[in-house]
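[1] model this:
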Amino acid sequence: MPIAACDENKTWRAASNMVFRKITDKFGSIVECEYIELYSPESFSHSEVMKLLKENNEKPPYIFINNELVKSNGKLSERVIITEIEKVFLINTKGNT
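    Take a look at the predicted model:
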């Protein structure tokens, strides 16, 4: 989302980076985190995000795991993200045994 705060540490990017660090500390290289600023040139290549913005049913921030929306409308929830990653990891490890 566009940066609205004067303090550079109180932005969506700063909050995302903090959550990303915690997630990568926990899971290591099995996860890849990416922050995309809405309405940036890069954001337009993510059709699922543009569709959400156009439909206006879900509010940012949008959290996707394996291209599936798992969280929107509020704060970045480290707990929700970790729980969803663990679900994907368990499904993938069960499928590979």
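[2] Count the neighbours of residue 79 for me.
    Using other C-beta atoms under 10 Å, residue 79 has 7 neighbouring residues. No exception for glycine: its C-beta is placed from N, CA and C like everyone else's.
[3] residues of whatever helix or strand it lives in that come out buried?
    Following DSSP states H and E, one finds residue 79 within helix 78-95. By neighbour count on 16 or more other C-beta atoms under 10 Å, the buried set for helix 78-95 is 81, 82, 84, 85.
[4] How about stretch 32-39?
    Neighbour-count burial for stretch 32-39 [16+ other C-beta under 10 Å]: residue 38.
[5] Compute the first-to-last residue distance for that stretch.
    Across stretch 32-39, the terminal residues are separated by 22 Å (C-alpha to C-alpha, to the nearest Å).
[6] Show me what the residue at minimal distance from the centre of the chain is bridged to.
    Nearest to the mean C-alpha position of the chain, counting by C-alpha atoms, centre = their mean, stands residue 63 at 3.2 Å. Per DSSP bridges, the residues bridged to residue 63 are residue 71.
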